[in-house]
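**Q** this is a predicted model, with the sequence first.
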Amino acid sequence: MDTVGKPERATQNRVITLFREELDYRYLGDWTDREGNSNIEDDLLSAYLDKSGYSPAEIGSALHKLRTEADNHSRNLYHNNQAVYKLLRYGVPVKTEAGKTTETVHLINWHVQDKNDFAIAEEVTLKGNHERRPDLVLYVNGIAIGVLELKNSRVSIGDGIRQNLSNQQPEFNASFFSTVQFVFAGNDSEGLQYGTIGTPEKYFLKWKEDEEDNSRYKLDKYLLKLCEKRRLIELIHDFVLFDSGVKKLPRVHQYFGIKAAQDFVRRRQGGIIWHTQGSGKSIVMVLLAKWILENNPHARVALITDRDELDKQIERVFNEAGEAIKRTQSGRDLMSQLGQATPRLLCSLVHKFGRKDVDDFDAFIKELEAQPSQAVGEVFVFVDECHRTQSGKLHRVMKAMLPNAVFIGFTGTPLLKKDKATSLEVFGGYIHTYKFGEAVEDGVVLDLVYEARDIDQKLGSVDKIDAWFEAKTKGLNDWQKDELKKQWGTMQKVLSSRSRMERVVEDIIFDFSVKPRLSSARGNAILVASSIYEACKYLTLFHKTPFKGKCALITSYNPQAQDLTKEETGANTDTDKQFIYHTYTDLLKDIAAKTGMTKTETYEEQAKALFTKEPANMKLLVVVDKLLTGFDAPPCTYLYIDKSMQDHGLFQAICRTNRLDGEDKDFGYIVDYKDLFKKVENAISVYTSELDRSAGGADPDVLLHDRLQKGRERLDQALEAIALLCEPVKPPKGELEHIHYFCGNTELPSDLEEREPQRTALYKATAALVRAYATIADEMEPAGYSSAEIARIKQRLEHYLAIREIIRKASGETLDLKAYEADMRHLIDTYIQADEPRKISPFDDLPLLELIVKTGIAEAINKQLGGLKGNKNAIAETIENNVRRKIIKEHLNDPAFFEKMSALLDEIIAARKAKAIEYEEYLKRIAEVAKKVESGKSEDTPEKLDTPGKRALYNNLDQNEALTLKIDETIKQVRPDGWRGVQAREQIIKAALYGVLQDIAEVERIFLIIKAQPEY
């Protein structure tokens, strides 16, 4: 019998045998038809607790409490799971009679793993709202702690992950997952991936251990690693974290990093954990601190960080985990707290530690060493970003003040040799390393692509500038003129910098219109300016572009009135400080400060939240120093550097772009306007011979790839991958042969289902090819392609796009164009020209992609571009349907306008069907409607109605301009923050409307339109 392409059942049988014979789990059976399947099997749990010596009353009370927490309908799955986890980990407090002491019933024996009852059941039917049947469920003492979905080797693991995710939805079987700690998906070809409840598909993880062992399926290998009894119990007990609504499990390097650190801690030995930027160091810090406090009753842990965000994050994570942490106000406060028995867990900012203005530092250290602080208990000091050279002195101060403490340093940056002596002297050797190359290889972070851009700063006439300078400085003597020249660096620089900055702004805006990720609004960018003044200048320039309202300023500045006390010069122009102050006051004028925060902090928090969660609404952050360390924003794809930076600061800054964020984010891109890196043998290395390689393992070099070189590599690989995918198609490799290979017999559902993996691979490979081509399409020659190669590649691209379209139609599968919009825009706008004998389409004012995506004539345009004659009726219906969809979608925003558009569309359709208008006239009229629908306004709209909201009011108030403007002004004056959905706040707006309209029914009608307008 052929063993290739085995069914899923064969894999499932083998996995069950593995659990029974190698992992020693009890087999509970096939539970397809069993009644009452549950995540808490009362009989199994009661039997375990009875064997553990608990009384029937204690068992009954514990089961009741566990069920109550697991099935609490007033909470979501995350909070139910968190409540259950606390009971599993710390035990259930029970009181069987009044007056008796409270006992703790432990549901799992964490200390002697073999005393627990490990079992597995298959095909566990879950009734719920919709019946579902996970392939395998793992039980410990009758409590479901793991769910495993298996697929055959031809079906993607992603299908299993998505199945698990849909099972967790309230409309399916969310309640079953309230006890689940591990969610697995696997098959024989891709291996095993794991997550926990709520883990999005893109964050499912792979384990990696004993890589040289290639003796069996990776699925089996890693089930044996992760589900081995001691390992499974340890992972649940020591490595689960609930962090602000997200449940987290460790990545493999975090697990082994903490295991290595535990050995150091047991020996009271310090050292350095070097885990590269973006790999989750803060999770390692939190889990290690928890383990130390639990396993050493005399331990105290002080976490010293160098940024406020991490200080706050650590406090929050520990509080979520039920551990009280004390945030100290200064180094003196920290030492005072350590001199008492409690608290056991403290955190402090490193710059609050130590003394300024010390002339003889070595003498100061000796003085401290002579009078060390008397700390109570065994102190463990965690120092974040321990590599920082400017903190080296502070580390020595801490070491002198706490001579008996164990210091553990954390860094994500390759150490330079000059830092090494200080770092190793303070901390000791390396505990565990996880370097950039490993993280990229494991898919934990993305690789980086680098590009230097030169902005030419030549001036038209140096003589004129010198003359201007002389005229402006007539009243100054030569010495004063020289001083002024020194201060400004030369007037040429000042004058040229403004035009240069305008060029940078234009450059960035151009990128947002053509670069994948940026143009699709799935990604965004950070611009690093060299000073607060320049950052403010950049923001004002961006505010004159479509970026207004979609970019923000994050610096260390907070406007204070005293900033201006000595700045007024009497001239009509602002000094630098006045300009900064006025820029900020203008930014903050509509910001209401949150409790305990300044207006600036509130503004920055809002900007960062939008940047991280809604990249389409916060495209760009302009920064100077802030956010360049420790700020995690997965959408951030580009970093534009217009500031001289070096060493660690530079490395940390560029790593803002390397966080994973879906399949369409392939790299983090660095655009350098300052020429910070020099090429070394076609790769740009952040550090060269200065890196400390003594830790062994992966090379610590962080290679930034040249953009064109990497782009060419990617395009060549994408072409090769898709060619290999189509290789098995039989000659002559025409349309029919492709349909037979990718679809089989399209009339047989079984054929289509069997070949679905091939089609999915084709769609993905085509998308990857389009993305790879779009990235360097307008720079093919600089990337090294000859004109003949360029022509061949374009031909191949069109060929594969045509194959994808044919296969999609033959299989009846639709394709979501959203992921490809940006790339197709780039290709169409830049390269495709339609050779038409005469022009009949009046769509001049709409970019071609808007035409395709927004008016929906993809079929028509594709056929026209391909020089094919299309079916005019089919094209017309496609356009009409898509314009109609837009009208329906936007109707609530402006009912009067879109009803008029709907009537106009109906009229045109009727005329077309009655053959009253010729095709060219039809296209002309439908284009006019499409444009109006897209713009949301008529040509005769008064100029003062310059926003969608005002226009919507005007259209729905019988085109009464004065009344429209009055209502617009009234709403803007009275609207409270966050008024939508809050009845009391909505009433404020309705009351103000009534004051103008004096009609309750009219108020309700107009209120719905106002509510639909984002600008209010």
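**A** Cool, got the structure.
**Q** what's stretch 544-559 in contact with?
**A** Applying Cβ atoms under 8 Å, 6 or more residues apart in numbering, the external contacts of stretch 544-559 come out as 505, 509, 532, 535-536, 539, 542-543, 580-581, 583-585, 587-588, 598, 600, 603-604, 607-608, 610-611, 617-627. For the C-beta atoms, the positions are set from N, CA and C on the backbone; glycine is no exception.
**Q** quick check: mean pLDDT of it?
**A** Averaging the model's pLDDT scores along stretch 544-559 yields 91.
**Q** just the CA trace of it, in CSV.
**A** As requested, the backbone C-alpha atoms of stretch 544-559 are provided in CSV (Å, rounded to 0.1, in the frame of the first residue of the first chain):
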residue,chain,number,x,y,z
LYS,A,544,0.3,70.8,5.4
THR,A,545,-0.2,67.4,3.7
PRO,A,546,-2.8,64.6,3.7
PHE,A,547,-1.0,63.3,6.9
LYS,A,548,-2.7,66.0,9.0
GLY,A,549,-4.5,64.2,11.9
LYS,A,550,-2.6,61.0,11.1
CYS,A,551,0.8,61.9,12.4
ALA,A,552,2.0,62.8,15.9
LEU,A,553,5.0,64.2,17.8
ILE,A,554,6.6,62.2,20.7
THR,A,555,9.5,64.0,22.4
SER,A,556,10.7,64.6,26.0
TYR,A,557,9.3,68.2,25.8
ASN,A,558,6.4,69.4,27.9
PRO,A,559,5.3,73.0,27.4
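**Q** residue ranges for the helices of the stretch 1-150 of the chain, please.
**A** Per DSSP state H, counting those that start in this stretch, the stretch 1-150 of the chain has helices spanning 8-17, 42-51, 56-70, 77-90. These are given in chain order.
**Q** out of the ones you listed, flag the one nearest residue 148.
**A** In terms of Cβ to Cβ, the element of the helices of the stretch 1-150 of the chain nearest to residue 148 is helix 8-17, at 7.5 Å.
**Q** can you list contacts of the closest one?
**A** Residues from elsewhere that reach helix 8-17 (Cβ under 8 Å, 6+ apart): 27, 120, 122, 135-136, 148, 150-153, 155, 187-188, 219-220, 223.
**Q** for ChimeraX, what selects the buried ones among these?
**A** A single ChimeraX command suffices to select whichever of the contacts of helix 8-17 are buried according to 16 or more other Cβ atoms under 10 Å:
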select :120,122,135,136,148,150,151,152,153,155,187,188,219,220,223
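**Q** so which helix or strand takes in residue 932?
**A** According to DSSP states H and E, residue 932 maps onto helix 919-935.
**Q** got it, and residue 376?
**A** Since the elements are taken from DSSP H and E, residue 376 ends up inside neither a helix nor a strand.
**Q** do the same with residue 790
**A** Using DSSP H and E, residue 790 falls within helix 787-811.
**Q** and that helix, which residues are buried?
**A** 793-794, 797, 800-801, 803-804, 806-808, 810-811.
**Q** run the chain-centre distance for stretch 110-118.
**A** Average the C-alpha atoms of stretch 110-118, do the same for its chain, and the two points are 38 Å apart (Cα atoms, centre = their mean, to the nearest Å).
**Q** which residues of the stretch 601-750 of the chain score low on pLDDT?
**A** Low-confidence regions of the stretch 601-750 of the chain, defined by pLDDT under 70, span residues 630, 645-652, 654, 675-707.
**Q** all helices in it, in order from the N-terminus.
**A** In order along the chain, the stretch 601-750 of the chain carries the following helices (DSSP H, counting those that start in this stretch): 647-654, 707-726, 735-743, 749-754.
**Q** could I get those as CSV with mean neighbour count and distance to residue 661?
**A** Shown next, in CSV, are the helices of the stretch 601-750 of the chain (neighbours: other Cβ atoms under 10 Å; distance: least, Cβ to Cβ, whole Å):
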stretch, mean neighbour count, distance to residue 661
helix 647-654, 21, 16
helix 707-726, 18, 18
helix 735-743, 18, 30
helix 749-754, 13, 32
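**Q** closest one to residue 19 among the ones you listed?
**A** Within the helices of the stretch 601-750 of the chain, the stretch nearest residue 19 is helix 749-754; the backing value is 29.0 Å (Cβ to Cβ).
**Q** now for the closest one, which elements pack on it?
**A** In this structure, helix 749-754 makes packing contacts with no helix or strand, judged by 3 or more Cβ pairs under 8 Å, 6 or more residues apart in numbering; DSSP states H and E.
**Q** from the chain's centre, how far out does the very next helix or strand once past it sit?
**A** Following the chain from helix 749-754 toward its C-terminal end, the next helix or strand by DSSP H and E is helix 756-776. Mean-position distance between helix 756-776 and its chain equals 22 Å (Cα atoms, centre = their mean).
**Q** restricting to C-alpha, output helix 756-776 in CSV.
**A** Output in CSV follows, covering the C-alpha atoms of helix 756-776 (Å, rounded to 0.1, in the frame of the first residue of the first chain):
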residue,chain,number,x,y,z
GLU,A,756,-7.0,22.6,-2.3
PRO,A,757,-3.5,22.6,-0.8
GLN,A,758,-2.0,23.0,-4.3
ARG,A,759,-4.3,25.9,-5.0
THR,A,760,-3.6,27.6,-1.7
ALA,A,761,0.1,27.3,-2.4
LEU,A,762,-0.3,28.8,-5.8
TYR,A,763,-2.3,31.8,-4.4
LYS,A,764,0.3,32.4,-1.7
ALA,A,765,3.2,32.0,-4.2
THR,A,766,1.6,34.5,-6.6
ALA,A,767,1.0,37.0,-3.9
ALA,A,768,4.7,36.6,-2.7
LEU,A,769,5.8,37.1,-6.4
VAL,A,770,3.7,40.3,-6.8
ARG,A,771,5.0,41.7,-3.5
ALA,A,772,8.7,40.9,-4.4
TYR,A,773,8.3,42.5,-7.8
ALA,A,774,6.5,45.6,-6.5
THR,A,775,9.2,46.3,-4.0
ILE,A,776,11.9,46.8,-6.7
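**Q** report the angle between that helix and helix 787-811.
**A** Using axes from the mean of the first three to the mean of the last three Cα atoms, to 10 degrees, the inter-axis angle of helix 756-776 relative to helix 787-811 is 150 degrees.
**Q** right, and residue 740 touches residue 730 too?
**A** Yes. Shown here, residue 740 and residue 730 form a contact pair, counting by Cβ atoms under 8 Å, at 7.3 Å.
**Q** mutual contacts of these two, please.
**A** Here residue 740 and residue 730 share no contacting residue, scored by Cβ under 8 Å, 6+ apart.
**Q** coming back round to it: can you redo the helices of the stretch 601-750 of the chain as CSV with distance to residue 340?
**A** Putting the helices of the stretch 601-750 of the chain into CSV (distance: least, Cβ to Cβ, whole Å) gives the following:
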stretch, distance to residue 340
helix 647-654, 36
helix 707-726, 56
helix 735-743, 72
helix 749-754, 68
